[in-house]
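Undergrad: Kindly generate the corresponding structure for this input.
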Amino acid sequence: MKISSRIFSNLSKRMDVAIAGTFLVIFVVAGFVGPLILNQPYQMSHFYFAPPGTHGYLLGTDKYGRSELTRVLWGMRTSLVVSFTSVSGATLIGVGLGVVAAWSKPLDLLIMRLMDVLMAFPSILLAIGIMAMVGPGMSSVIEAIVIVYIPIFARVVRGPAMTELSKSYVEAAQSIGASPFRILSRHVVVNIIPILLVQISIALGDAIIIEAALSYLGLGISPPAASLGALLLSGQSFMFTAPWLVLAPGIAIAWAVFGFNLLGDALSQSK
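TA: Numbers count the residues shown, from 1 in each chain. Have a look, this model is predicted:
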């Protein structure tokens with residue numbers, strides 16, 4: 001708790017954290033609250049390719065007369081759900097494997113060789129391969145990103161966990177009969193939270209990119225479900241005649257990734 005308090009105390013004084021927080025709060029509120037309060041339904045109209053600001057459409061309309069703002073907001077919600085769900089799953093499994101590997105040398109060899117096999121593939125290629133096997137859909141995208149990031153979290157956690165296990169407080173805990181689970185969960189993991197927070201922040205931004213890339217390639221979330229990547233795909237044919245169809249989802253993706261990466265950089269400097 002003291003480590004966490006110190007981290008948040010340091011972060012509260014940093015300007016880059018305030019900027020990152022502002023970016024992320026706007027993105028999260030827009031994604032989760034925006035679709036609920038927007039009075040433009042996700043449906044067709046007779047205003048085809050309406051430029052932004054005309055006929056009451058702030059970001060214009062697409063080839064079917066649908067509000068681009070509504071579509072982008074729903075896409076942002078999808079990106080957030082996929083990102084937070086997949087990174088949460090990868091964190092739980094990856095951290096568990098990492099600390100177990102740090103604790104047990106026989107298991108360390110087995111777990112880390114398996115992680116090496118997964119990390120031998122670039123993240124996006126591994127995700128594409130998984131999606132090709134399991135098929136499109138939100139749950140499939142989440143599963144693919146979880147598998148991609150499990151070895152990353154396991155690798156990031158293993159080294160610091162081994163360092164913590166070599167310290168005297170671990171021997172003291174063992175001497176009073178503390179179980180391995182208690183030592184790992186109540187002591188080791190707590191002391192590597194600063195490192196873990198940095199990786200989580202970066203992974204959240206990367207997960208949004210992977211989800212958008214998979215949907216752009218037609219392997220991710222299928223219509224009529226909204227996806228920023230699918231919006232880029234549908235808008236690229238009209239890049240010069242209706243550029244807002246590409247700019248709006250592209251800016252939304254860049255906005256979220258910039259915020260998460262800036263937060264991760266601030267966290268790395270506050271450890």
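
Undergrad: May I have the phi/psi pair for the residue nearest the centre of the chain?
TA: For the chain, the residue sitting closest to the mean C-alpha position, by CA atoms, centre = their mean, is Leu204 at 2.1 Å. When read as degrees, to the nearest 10, the backbone of Leu204 gives phi -60, psi -40.

Undergrad: for Thr61, same thing?
TA: Thr61 adopts backbone torsions of phi -130, psi 170, taken as degrees, to the nearest 10.

Undergrad: thinking it is in contact with Ser67, fair?
TA: Yes. Between Thr61 and Ser67 there is a contact under CB atoms under 8 Å: 6.1 Å. C-beta here means a position set from N, CA and C on the backbone, and glycine is covered the same way.

Undergrad: Quick one: low-confidence residue ranges for the stretch 1-150 of the chain.
TA: Residue ranges of the stretch 1-150 of the chain with pLDDT under 70: 1-14, 39-45.

Undergrad: cutoff 90 now
TA: For the stretch 1-150 of the chain, applying pLDDT under 90 flags the ranges 1-25, 31-68, 70, 104-106, 122, 132, 134-137.

Undergrad: wait, what's in contact with the residue nearest to the centre of the chain?
TA: Leu204 makes contacts with Ser83, Phe84, Val87, Phe260, as judged by CB atoms under 8 Å, 6 or more residues apart in numbering.

Undergrad: would you list every one of the helices in the stretch 1-150 of the chain?
TA: Using DSSP state H, counting those that start in this stretch, the helices of the stretch 1-150 of the chain run over 2-11, 15-32, 34-37, 68-103, 105-119, 123-134, 138-165.

Undergrad: and of these, who's closest to Ala50?
TA: helix 68-103 (8.9 Å; CB to CB).

Undergrad: other SSEs contacting that closest one?
TA: Where contact means 3 or more CB pairs under 8 Å, 6 or more residues apart in numbering; DSSP states H and E, helix 68-103 is packed against helix 15-32, helix 34-37, helix 105-119, helix 138-165, helix 193-216, helix 228-235, helix 244-268.

Undergrad: Neighbours of Phe84, how many?
TA: 15 (other CB atoms under 10 Å).

Undergrad: repeat for Arg155
TA: The burial count for Arg155: 18, using other CB under 10 Å.

Undergrad: Distance check, it against Ala90.
TA: Using CB to CB, to the nearest Å, Arg155 is found at 12 Å from Ala90.

Undergrad: Show the contacting residues for Leu126.
TA: So Leu126 contacts Leu118, Ala144, Ile147, Val148 (CB under 8 Å, 6+ apart).

Undergrad: Which residues lie in contact with Tyr216 in this structure?
TA: Neighbour list for Tyr216: Gly229, Ala230, Leu232, Leu233 [criterion: CB under 8 Å, 6+ apart].

Undergrad: Distance-wise, check the nearest residue to Met112 once chain neighbours are set aside relative to Val157.
TA: Once flanking residues are discounted, Met112 sits nearest to Ala101: 5.8 Å by CB to CB, 6 or more residues apart in numbering. Noted for Ala101: a distance of 9 Å to Val157, by CB to CB.

Undergrad: Hmm, Ala203 and Val87 touching each other?
TA: Yes. Between Val87 and Ala203 there is a contact under CB under 8 Å: 4.8 Å.

Undergrad: Next, show the common contact partners of those two.
TA: With CB under 8 Å, 6+ apart as the test, Val87 and Ala203 both reach Tyr149.

Undergrad: For Gly56, give me phi and psi.
TA: According to degrees, to the nearest 10, Gly56 has phi 80, psi 10.

Undergrad: er, Pro136 I mean
TA: phi -70, psi 170.

Undergrad: For it, give me its contacts.
TA: Residues in contact with Pro136 (CB under 8 Å, 6+ apart) are Gly218, Leu219, Gly220, Ile221, Ser222.

Undergrad: you'd agree the second one is in a strand?
TA: I take that to be Leu219. No. Membership of Leu219 in a strand is not supported by DSSP: H, G, I helix; E, B strand; the rest coil, which gives coil.
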